[in-house]
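S.K.: pasting a predicted model and its sequence here:
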Amino acid sequence: MFINKILCMGLKRCFVIQLAVIMTVSVSFYGCGRKALPLPPRQTPVPAVKDLSLNIEADTAVLTWTVPDKPEDKNAGIKGFVVHRAKQKISEGDCRNCPVKFKPVAEIPAETKTSLKKIKYTEQLEKGFKYVFKVTITSNAGAEGGDSNHVEIIY
């Protein structure tokens, strides 16, 4: 009571002190809101190749695909293409439910000065193998797009 009289010389001053104490206590209990892991900034999705095709010329696989339309966001623009390949000996047999183990085999930079709409990649084939190819797109921001359709050949 004595302390209350010293601190509260006037009615208005006592109310301000009590309000400040209540606000300090309530902020320390409630924090700043929902607690969760931080989220990365929103990125423009990287497009995917949809029309990967495979032709055989002599003993060479020729992959071709169309460049998708570029996003308006400059950072999400197409930096290049990554060709992935899975290679399995035919003598090992075919496992229908086994996952396909792709490895990146080539990085193709996107052409910025020309308006090429078709990209071409060639690879020498070895006899006695099953090949499966796919292509992904990388953006200027470092993100990778989804897989293209898969194409395969037994040679």
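M.R.: Perfect, thanks for sending it.
S.K.: and for the closest residue to I154 other than its chain neighbours, the neighbour number?
M.R.: Closest residue in space to I154, ignoring its immediate chain neighbours: K130 at 4.8 Å, by Cβ to Cβ, 6 or more residues apart in numbering. Quick note: C-beta positions are derived from backbone N, CA and C, even for glycine. Look at K130: counted by other Cβ atoms under 10 Å, it has 15 neighbours.
S.K.: so which bits of the helix or strand where K130 lies are buried?
M.R.: Assigned by DSSP states H and E, K130 belongs to strand 129-139. Neighbour-count burial for strand 129-139, with 16 or more other Cβ atoms under 10 Å as criterion, is recorded at F129, Y131, V132, F133, K134, V135, T136, I137, T138, S139.
S.K.: just to revisit the earlier point, for the residue nearest to I154, give the beta-bridge partners.
M.R.: As for beta bridges, K130 partners with Q88, I154 under DSSP bridges.
S.K.: ok, it touching I90?
M.R.: Yes: using Cβ atoms under 8 Å, K130 is in contact with I90, at 5.9 Å.
S.K.: secondary structure element holding V16?
M.R.: Applying DSSP H and E, one finds V16 within helix 11-30.
S.K.: which ones are touching the closest residue to V46 other than its chain neighbours?
M.R.: Spatially, and ignoring its direct neighbours in sequence, V46 is nearest to G145 (3.4 Å; Cβ to Cβ, 6+ apart). For G145, the contact set (Cβ atoms under 8 Å, 6 or more residues apart in numbering) comprises P45, V46, P47, A48, V49, T136, I137, T138, S139.
S.K.: neighbours around G93, how many?
M.R.: G93: 7 neighbours (other Cβ under 10 Å).
S.K.: just the pLDDT at it, thanks.
M.R.: As predicted, G93 sits at a pLDDT of 74.
S.K.: quickly note the distance from it to K130.
M.R.: 10 Å (Cβ to Cβ, to the nearest Å).
S.K.: ok, L63 next?
M.R.: 16 Å.
S.K.: L39 now?
M.R.: 41 Å.
S.K.: burial measure for V62, as a count.
M.R.: 14.
S.K.: please name the bridge partners of it.
M.R.: Using DSSP bridges, the bridge partners assigned to V62 are N55, T122.
S.K.: isn't it up against L52?
M.R.: No: look at V62 against L52 with Cβ under 8 Å: they stay out of range, at 11.4 Å.
S.K.: can you give me the domain assignment for this protein?
M.R.: 1-36, 53-154 (automatic domain parsing).
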